[in-house]
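Visitor: Everything below, folded, please.
(chains A and B)
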Amino acid sequence: MKTNANLTKVLKKVHEEKWVALSSDHSRVIDFDKNLPALTKRMDKKRGRHVYMKVLRSDMEYCFSPLTWRVEKA
Amino acid sequence: MARRKSVKWKAYDYKVQIGPGNAWVYRPLLEIEVASGASRKGRVILALIDSGTDGSVLHADIARDLQIDLSQCQRVKLGEIGSLDGYLSNVRLSVPDMKTTMNIPIVFAENLPFDGLLGQRHFFQRFKIRFEKDTNKFYLASS
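Guide: Got it, this is the predicted structure:
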């Protein structure tokens, strides 16, 4: 199945910083929520395969630098 | 002379999103399915392939959705200044397109502004990955 690569028309300002459930071809947002478990609970009642995505704010870019991690001492 | 084994590449388009200044930003986002031992079925998410990350990091909401008990996980700290809390847990990660499943440790981080990063350890070890930024395509093949 060919999936939609252009999310500029699919994702709106209202979706930023929220979880969205995309259709399996990534062409539309079916539902969205701030809380992923709440969204998946609703989506599990619907038919079909859904793809979840947390939408980055449009004024932000991915950045590697803060993502170092270490095990915390007990 | 030994014959080179041909590699079967699967092509993907970079996903396009609106970025700073309303510019179009192209990102290598890939569908993965994440599941825990406790959950019957996994969740399909779009994660960023990131060669600059050592391991893989996913949003802690995904762990909660998969009913992973974060209080039982090894705690980790991401970053130094403005650091995030994280939890280390083993999950089943699949790439449906590649029919590949692996059990790997993932750091689940609180308050990530995105869903996840697929890093060098495990993910890049399992696949050959080719980025062609000039055409905004990337390619995966089993390693």
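Visitor: can you pull the buried residues of the worst-scoring helix or strand of chain B on mean pLDDT?
Guide: Counting by mean pLDDT, DSSP states H and E, chain B has its least confident helix or strand at strand B:74-78, which shows a mean of 86. For strand B:74-78, the neighbour count (16 or more other Cβ atoms under 10 Å in any protein chain shown) marks B:Val76, B:Lys77, B:Leu78 as buried. Every residue, glycine included, has its C-beta placed from N, CA and C.
Visitor: quick one: the first one from B:Glu110, how far?
Guide: Spelled out, it's B:Val76. Separation of B:Val76 from B:Glu110 (Cβ to Cβ, to the nearest Å): 11 Å.
Visitor: how close does the most centrally placed residue in chain B get to A:Gly48?
Guide: Central residue of chain B (Cα atoms, centre = their mean): B:Leu118, 3.0 Å from the mean position. Remark: distance between B:Leu118 and A:Gly48 (Cβ to Cβ) = 25 Å.
Visitor: can you give me the offset of the lengthiest strand in chain B from its chain's centre?
Guide: Across chain B, the strand with the greatest residue count (assigned by DSSP state E) is strand B:84-95. Centroid separation between strand B:84-95 and its chain, computed with Cα atoms, centre = their mean, to the nearest Å, is 10 Å.
Visitor: how distant is the helix or strand just after that strand from the center of its chain?
Guide: Next helix or strand after strand B:84-95 toward the C-terminus (DSSP states H and E): strand B:100-109. Mean-position distance between strand B:100-109 and its chain equals 8 Å (Cα atoms, centre = their mean).
Visitor: so what secondary structure elements neighbour strand B:100-109?
Guide: strand B:57-59, helix B:60-65, strand B:74-78, strand B:84-95 (3 or more Cβ pairs under 8 Å, 6 or more residues apart in numbering or on different chains; DSSP states H and E).
Visitor: ok, residues contacting it?
Guide: With contact meaning Cβ atoms under 8 Å, 6 or more residues apart in numbering or on different chains, strand B:100-109 is reached by A:67, A:69, B:34, B:55-60, B:62-63, B:68, B:70, B:73, B:76, B:78, B:84-94, B:122-123, B:126-127, B:142.
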